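>>> Task: produce atomic coordinates for the following.
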Amino acid sequence: MRLDLELQQLLARELCAIIEGYTLEEAMFATRLDPPRISELRHGNLARFSIRRLVQLMAHLGYDVEVSIRPTEPPPRIQKRSTAKVVRYDRFGRRI
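Numbering: from 1, shown residues only. Next up, the predicted model:
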């Protein structure tokens, strides 16, 4: 699944959890959405909801949205490649 789709679904689920106990009128007033959009949101039809719009709706409801970035596993150690260097000397032992 695409990462942006996962984020969109996560935000939509959280937004629905916030307005879960609201009546339709309360949800309309709080989100400034009309009934068909609220229904789409509650049923997971997210084609009309960008990530930006979902974040704006949550901010309007008084929530901060924070995205954190951290490795899921320790990053691989960067290994230096072994290098070989050829040094030439003349017959008297001087570096060429």
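
>>> now for whichever helix in the chain runs longest, which elements pack on it?
Secondary structure assigned by DSSP state H gives helix 3-18 as the longest helix of the chain. If you count contacts as 3 or more CB pairs under 8 Å, 6 or more residues apart in numbering; DSSP states H and E, helix 3-18 packs onto helix 35-42, helix 51-60. Glycine gets a C-beta too; all of them are placed from N, C-alpha and C.

>>> mind redoing it with 6 Å?
Judged by 3 or more CB pairs under 6 Å, 6 or more residues apart in numbering; DSSP states H and E, the packing partners of helix 3-18 are helix 51-60.

>>> Tell me what angle the helix it packs on forms with helix 3-18.
Angle, helix 51-60 to helix 3-18, by axes from the mean of the first three to the mean of the last three CA atoms, to 10 degrees: 30 degrees.

>>> what's helix 51-60 in contact with?
With contacts defined as CB atoms under 6 Å, 6 or more residues apart in numbering, helix 51-60 is touched by Leu7, Gln8, Leu11, Leu15, Thr31, Val65.
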